[in-house]
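> Generate a structure from the sequence data that follows.
(chains A and B)
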Amino acid sequence: MKKLLFAKPDLCTGCNRCSYACSAAKEGVYRPSRSRVHINNYALEGCSAPSVCFQCPGASCLKACPAIAISRNEDDVVVVDAEKCTGCGDCVSACPYGMIELNDDSCAYKCDTCDGDPVCVKECQPGALVFQEKSPEIVKIKALQMKQRSTTGTAREKRQKLGSAVMQAALETRG
Amino acid sequence: MMNLFAGKVLIVDLTTGQLSKEPLRMDWAREYWGSFGLATRYYWDAVTPDVDPLSAENALVIMPGVLTGTIVPMTGRTSMTSKSPLTGTIFNTNVGGAFGPELKFAGYDGIVIKGRSASPVFLKIVDDEVSLESAEALTGKGIFETEKSLEEAAGTPDAKCLVIGPAGEKQIPYAIVGSDAYRQMGRAGGGALFGSKNLKGIVCRGTGAVSVADMEAFQKKVTYYKETNLFDELNLGSNTDGTPILVDITNEVGVLPVRNFTQGSTPQAGKINSDAIKAVKQGDRGCATCPLACGKFTRIGDARVEGPEYEALALAGANCDVYDMETIIRYNSLCDDLGLDIMSCANTIALAMEITESGRGDLELKFGDVDFYKVVTEIALLSTERGRDLALGAKRLAEKYHSTDMSMEVKGLEIPAYDPRGNYGMGVAYATSERGACHLRAFTLFAEDPFNTSALVAEVQAMQDFSSIKWSMGFCEFWFTLDTAILADLLTVGLGEEITAEELDRAGERIWNLNRLFNVANGFTCKEDSLPEKVLKRKLENAGPAEGRVFSASDFEAAKQYYYGLRNWDENGIPSATKIAELGLEAFAS
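Numbering: from 1, shown residues only, chains lettered A, B, ... in the order given. Below is the predicted model of the structure:
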């Protein structure tokens, strides 16, 4: 079975090693703002909620791309063909979770799970990011997170909306 | 873009409102690196040593470390150098969280703040865009609410802040600068300095990058040192327990302060130790790039805080003879929000308890009172006579009540939660730190023999020098097995030019001496390198292996002179001409 990237918010400490490692691998510099994984930190509440690409079945970004630059590869991962991307940004508006954005060259970028060996997971000491085959636990976590869809706002605002909902759910679990 | 450095420093003149960006002084950076060292170098350039801390003429220099903004573990710290309103010395105070990386990503190696604004303002930095904005609407607001407001002003919750609460606005000499709600530039009054400049806070969002010469090689080095060195049993206690692990240790060796440093242990320590924290822990919290996450977030009912750390457990717990975790959490959270240093504040409250119980004054505070935390609001808002008294800090409060024999401070900075009578190294560390009683510059708790002064003094000197260079890179305390060979290796790959451990060792010593010379120029000599009367004369009680101990004046003087000798300072504690020449500090000698 294919492996997928998931986040367990109750374990995230907010350290952001994932986003440093991701930008180092993908951009060649430390630049968390251009990471493919993001951490929504709620310092006051003592909680953090990672935002990861769900590689959605029926991915909105893929459907929205007029240039057919976005496709699903053999690993079920949704990938961008930079050569074909025109930088129109339709995918950015379409993604309900804020997990695809345009870079400085107006080219869409998103998580490609590093060809099946995500660097973020290797840096996640507390085990909040996992890359594994589906399990009942993970299906449940993913379903809960995927419920928080946004149709408006910037990518950051969408991540914030999802993050806040995940944070609230985590706080309720803590009791 | 340069490697590791951003290449620019932001200069803010609050009097004129002028904001400018200057190229980083690379000649200074190669001698003083970043954060602690470089901020001190810039500070010396910005003021004269006799400057009044709370005047418009004083400057604040805020700098992250050289490695801040990279993935090197535990390098997320930012520090500020200025002159303390509590001690009158130069001081550096650092904070974790993620402000430092954000500032580097915005493109700055530091901020130099001068002057005084006519009305309350905050500094907004969004990459290249910098501005001063009105903070009138935030006057009197706590740190938690202020941070939320400033994030909104910067347009994103990813923005990071350094802000003050009402205590800072009122220039209470032990007011803090807060960040990420529960993290602080905590000691020696940085918050009062912000307040004196009418600066409510700084908010920063950076979307740029920090680069290294060879990313693949750098990443490999970092992973190597992380896995083979950092993940050592010696360091992992920060992950499993965090600082609360120290309660059982200090209690065992008799240096846990109990009842205003009257006793060195308590049978009730189990109520405030690491196990007690774990019983109310909600989760672990980490600063930027830290895989260990020493922050333990706790909650009891509606009382919550990231912490309490060891210092709060010991100083607001045992030292006030209070063993109620909810009280300590409430105390800690109130201090964090209103903007007071939990250490200085609790130490001062314990002094008030002793003054009251001895009948020398009545501050209506008694040891063991679980409601004592409510006084924090009176202090931060200066709303009562008692609050105004406590806001003086231990030194001035003791003077007012003729109780200097009871006060526990050095140069006006309240003593941390390690009684020097049970570990003489901590006494030497307190007496010789640039900012008064500080446990961070050197920490000898784990020394083999806590009373072997010559070995302890050598350890203090080595740790002070190493801390100086380690902090200049942006590290926190808790990578205990770190050394300058590792730093040199990381810098060499990061910068793309050969850096040696020897030059970093020398830089650490240079930074320590530069701080010393500032204090010397300001009239501080051996006389001020002192310990409180209580430590010198009053026998420590109920202290296990430290039972009945004092650090006698003669033993202390001998240890101090030995320290000066090791440093090649004269008997007055002034760096010798040969040491000054060796370190290239001639321009700073009086």
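
> Can you pull up the most central residue in chain B?
For chain B, the residue sitting closest to the mean C-alpha position, by Cα atoms, centre = their mean, is B:Thr93 at 4.1 Å.

> and if you look at chain A?
Geometric middle of chain A (Cα atoms, centre = their mean) lands on A:Val52, at 2.1 Å.

> ok, and the closest non-adjacent residue to A:Asp90?
A:Ala64 (4.5 Å; Cβ to Cβ, 6 or more residues apart in numbering or on different chains). The way it works is simple: take the backbone N, C-alpha and C, and place the C-beta from them, glycine included.

> where does the one you found land on pLDDT?
On pLDDT, A:Ala64 comes in at 98.

> Report the separation between B:Thr404 and chain A.
40 Å (Cβ to the nearest Cβ, to the nearest Å).

> my bad, should have said B:Pro416
25 Å.

> Do I have it right that that residue meets B:Ile342?
No: in this structure B:Pro416 lies outside contact range of B:Ile342 using Cβ atoms under 8 Å: 10.9 Å.

> Mind listing the shared neighbours of those two?
Shared contacts of B:Pro416 and B:Ile342, defined by Cβ atoms under 8 Å, 6 or more residues apart in numbering or on different chains, comprise B:Glu311, B:Leu315.

> Next, count neighbours for A:Glu172.
8 (other Cβ atoms under 10 Å in any protein chain shown).

> where does it land in three-state SS?
Following DSSP: H, G, I helix; E, B strand; the rest coil, A:Glu172 is assigned to helix.

> Also B:Ser82?
Assignment for B:Ser82 (three-state DSSP): strand.

> Quick check: it vs chain A, distance?
From B:Ser82 to chain A the distance is 25 Å (Cβ to the nearest Cβ).

> thought that residue was touching B:Leu60?
Yes: between B:Ser82 and B:Leu60 there is a contact under Cβ under 8 Å: 4.8 Å.

> what touches both of the two?
With Cβ under 8 Å, 6+ apart as the test, B:Ser82 and B:Leu60 both reach B:Gly190, B:Leu193.

> got the residues of the stretch 201-350 of chain B near chain A?
Applying Cβ under 8 Å from any Cβ of the partner chain, one finds that the stretch 201-350 of chain B approaches chain A through B:206-212, B:215, B:219, B:239, B:282-293, B:295, B:297, B:299, B:304, B:306.

> Pull out the buried residues from these.
Among these, those that count as buried by neighbour count (16 or more other Cβ atoms under 10 Å in any protein chain shown) are B:206-212, B:215, B:219, B:239, B:282-293, B:295, B:297, B:299, B:304, B:306.

> Return the subset of the residues you listed lying in helices.
With DSSP state H as the criterion, helices contain B:Met215, B:Gln219, B:Asn239 from among those.

> how about the nearest residue to the last one, chain neighbours excluded?
Among residues not flanking B:Asn239 along the chain, B:Leu292 sits closest, at 4.4 Å (Cβ to Cβ, 6+ apart).

> dump the residue contacts of the one you found.
B:Leu292 neighbours (Cβ under 8 Å, 6+ apart): A:Gln125, B:Pro73, B:Met74, B:Leu230, B:Asn235, B:Leu236, B:Ser238, B:Asn239, B:Gly286, B:Phe478.

> Could you check the pLDDT of the first one?
According to the per-residue confidence, A:Gln125 scores 97 in pLDDT.

> Equivalent analysis for the fourth one, please.
Model confidence at B:Leu230, expressed as pLDDT, equals 98.

> From B:Ala458, how far out is it?
Distance, B:Leu230 to B:Ala458, by Cβ to Cβ, to the nearest Å: 26 Å.

> Between these two, tell me which one has more neighbours.
For B:Leu230 versus B:Ala458, the count of surrounding residues by other Cβ under 10 Å is larger for B:Leu230: 24 against 15.
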